[in-house]
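Colleague: coords please:
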Amino acid sequence: MFRFRTIALLIAILTFSIAQAWATTVTFQINMSVQVDLGNFDPDNDDVVVRGDFNGWAGNANTLDLVDGIYKTDVDITASSIEFKYVIVHPAEDVWESVDNRTANVAGDTQVLDVVYFNNIESSESADVEVTFRVNMQVQLLSGNFDPEFDQIVIRGAHDSLGQWGGAVVLTEETENPGIYSRRIQFNSLPINAAVEYKFKINYNSDPNDNNGWESLPSNRSFTPTGNEPDNLPPPSGNGYGEINPELVYYSNITADDIILQDVAVTFQVEITPLLGRLSDDGYVVDVQTQTDTVFTVEDIQVAGGSPPLTWGWANIAPEYFLHDDGLNGDETAGDDVYSVTITFPSGSSRLVEYKFGANQYDVEARSGASYNHYRQIDDTNPTYRFDIDCWGSTDTLFAQWPCTISDVDDPQIPVISEFSLAQNYPNPFNPTTTISFTLTQANITSLKVFDVLGRTTATIDMGRMEAGRHTMSFNGSDLASGVYFYQLESGAFSATRKMLLLK
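Modeller: A predicted model of the protein is given here:
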């Protein structure tokens, strides 16, 4: 008996040693001085912690300590791509950063992350501003996605005046501009040069608790106060609030050119070989949202999305959103691990479709966030259209070690596009968002990189595998300084670069 216990102990020690050898000691660093000045952080009573996918987005185990004016902590993390945020732990409540999840690629023995500011706010200077938000809903009216008799168009964002991403801050239709909805909102003591993010949302049946109706954009919209805004309203001398007037935008940036003009039966296809491989090797996959619900075997596959008739939500999914591998309902070959379903998109629907696959009605394909969703465009020249076969998890790295093996017989017909092109961004100059359009001659892995005049990479957007055709995307430069930048699109062997000007 002693011998077996000794062997078991040695195996446990060896396993722990191997795990430690594969781990990277990551140093997280954050400057909290501005939050102290703003009264949001009390060093004597509050803590700042880091939470991410490496610790289940929970707990205070990774609390940062003050060292030479910077809060730091070391965490052992297995080499991988991680997401995380910093959290202020008050005695009564936790306050999370309201910026997008921070990311890092963890590799090597040790790694020291750059010092950042909480919420990226680098100054305690502030400004009182009033912002006029305007959105063109004409396309949504035309497509039937918005009925002003029953629905509301609201704005939500990372501020109390915007409902902290909840509630119903309702916009009203402009009398002189039918189909255009707006609202002027005042903000007190906003930190200067710190972006405030927001999105427009349709509250169907005026229900503020409905989780559908969000704009289907890869990133949030934002505005950035500078402290130099003019105070002209109301005339003649203003009211003490500087005015910010973001450009009039279309809901989800969908214009009349971006909708389909006839009903199209769209077939979604996904090869689940990576999912099966991970289940075989690891035994399970965990829901990325709850971190508790677990898939052990594939019982069924679903599609959800932000482009009607698709909807978000993973529980009680309607039967028409279940994919099959039985040779029926758009599936070409039974039993080949390529699951398919055909869904009709009515005339007026967005050409750009945002979606994601799930298993057993759980969100297990990729991490949460718009950047991890699939995006494809509908070709409405015919009443039926088949999307290219998606590779399960291809928008992320969670399934990277289990490749897809799609056979030639499953390859869809790729539309013929004669010329690869990258259009000039619009508007240009811009502040802080601009739209970039491009055309691909064939389906391929596609990415966009932004460089400064010294050739340093300032942003990288991986869009995964995109089909041939015309595409549009929104770029947010709120984290960049004013100046000239170059944006470079790469798709397979093709590459193109253009120049743009950011003015703040």
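Colleague: need the contact list for residue 228.
Modeller: Listed by Cβ atoms under 8 Å, 6 or more residues apart in numbering, the contact set of residue 228 reads residue 242. Where C-beta positions appear, they are placed from N, C-alpha and C, glycine not excepted.
Colleague: For it, give its distance to residue 192.
Modeller: Note on residue 228: its distance to residue 192, by Cβ to Cβ, to the nearest Å, is 9 Å.
Colleague: can you check residue 51 too?
Modeller: From residue 51 to residue 192 the distance is 28 Å (Cβ to Cβ).
Colleague: try residue 225
Modeller: To residue 192, residue 225 is 5 Å away according to Cβ to Cβ.
Colleague: cool, and residue 66?
Modeller: For residue 66 relative to residue 192 (Cβ to Cβ), the value is 26 Å.
Colleague: Of those two, which one has the most company?
Modeller: Set side by side, residue 66 and residue 192 show more neighbours around residue 192, with 18 against 11, by other Cβ atoms under 10 Å.
Colleague: doesn't residue 126 make contact with the more buried one?
Modeller: Yes: between residue 192 and residue 126 there is a contact at 6.4 Å, judged by Cβ atoms under 8 Å.
Colleague: who touches both of the two?
Modeller: Between them, residue 192 and residue 126 have residue 227 as joint contacts when contacts are counted by Cβ under 8 Å, 6+ apart.
Colleague: show me where pLDDT drops low in this structure?
Modeller: Within the chain, the stretches with pLDDT under 70 are 1-22, 407-419.
Colleague: Which residue would you name as the spatial centre of it?
Modeller: Centroid check for the chain by Cα atoms, centre = their mean gives residue 370 as the closest residue, at 2.6 Å.
Colleague: Phi and psi next, for that residue.
Modeller: Per-residue torsions, residue 370: phi -60, psi -30 (degrees, to the nearest 10).
Colleague: Let me see the contact set for it.
Modeller: 216-219, 306, 354.
Colleague: and of those, the nearest to residue 103?
Modeller: Residue 103 lies nearest to residue 219 out of the contacts of residue 370, by Cβ to Cβ, at 13.4 Å.
Colleague: between residue 225 and residue 192, what contacts are shared?
Modeller: Shared contacts of residue 225 and residue 192, defined by Cβ under 8 Å, 6+ apart, comprise residue 127.
Colleague: Just to check, residue 212 is in contact with residue 312?
Modeller: Yes: look at residue 212 against residue 312 with Cβ under 8 Å: they come within range, at 6.4 Å.
Colleague: buried stuff in stretch 219-238?
Modeller: For stretch 219-238, burial by neighbour count (16 or more other Cβ atoms under 10 Å) applies to 219-225, 229.
Colleague: Please apply the same query to stretch 342-350.
Modeller: The neighbour-count check on stretch 342-350 (16+ other Cβ under 10 Å) flags 342-343, 345, 348-350 as buried.
Colleague: Put the alpha carbons of that stretch into PDB.
Modeller: What follows is stretch 342-350, C-alpha atoms only, in PDB (Å, rounded to 0.1, in the frame of the first residue of the first chain):
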ATOM      1  CA  THR A 342     -31.700  26.600 -44.800                       C
ATOM      2  CA  ILE A 343     -33.300  29.800 -43.400                       C
ATOM      3  CA  THR A 344     -35.300  32.300 -45.500                       C
ATOM      4  CA  PHE A 345     -34.200  35.900 -45.200                       C
ATOM      5  CA  PRO A 346     -37.100  38.200 -46.400                       C
ATOM      6  CA  SER A 347     -36.700  41.100 -48.800                       C
ATOM      7  CA  GLY A 348     -35.200  44.100 -47.000                       C
ATOM      8  CA  SER A 349     -32.900  42.000 -44.700                       C
ATOM      9  CA  SER A 350     -29.300  43.000 -44.300                       C
END
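Colleague: Contacts made by that stretch with the rest, please.
Modeller: Stretch 342-350 is contacted by residues 139, 142-145, 216, 252, 254, 258-268, 303, 307-310, 320-321, 329-330, 353, 378, 384 when judged by Cβ under 8 Å, 6+ apart.
Colleague: now those residues: which count as buried?
Modeller: Listed as buried from these are 139, 143, 145, 216, 252, 254, 258-260, 264, 266-268, 303, 307-308, 310, 321, 330, 353, 378; burial here means 16+ other Cβ under 10 Å.
Colleague: Out of those, which sit inside helices?
Modeller: Taking DSSP state H, the ones among these that sit in helices are 139, 143.
Colleague: Now for residue 30, how many residues are close by?
Modeller: Number of residues near residue 30 (other Cβ under 10 Å) recorded here: 21.
Colleague: Number the residues from 749 up from this point.
Modeller: Right, with 749 as the first residue, what we last looked at is residue 778.
Colleague: Please identify which helix or strand holds it.
Modeller: Assessed by DSSP states H and E, residue 778 sits inside strand 771-779.
Colleague: residues of the helix or strand following that strand that come out buried?
Modeller: Counting by DSSP H and E, the next helix or strand C-terminal to strand 771-779 is helix 781-785. By neighbour count with 16+ other Cβ under 10 Å, helix 781-785 contains the buried residues 781-783.
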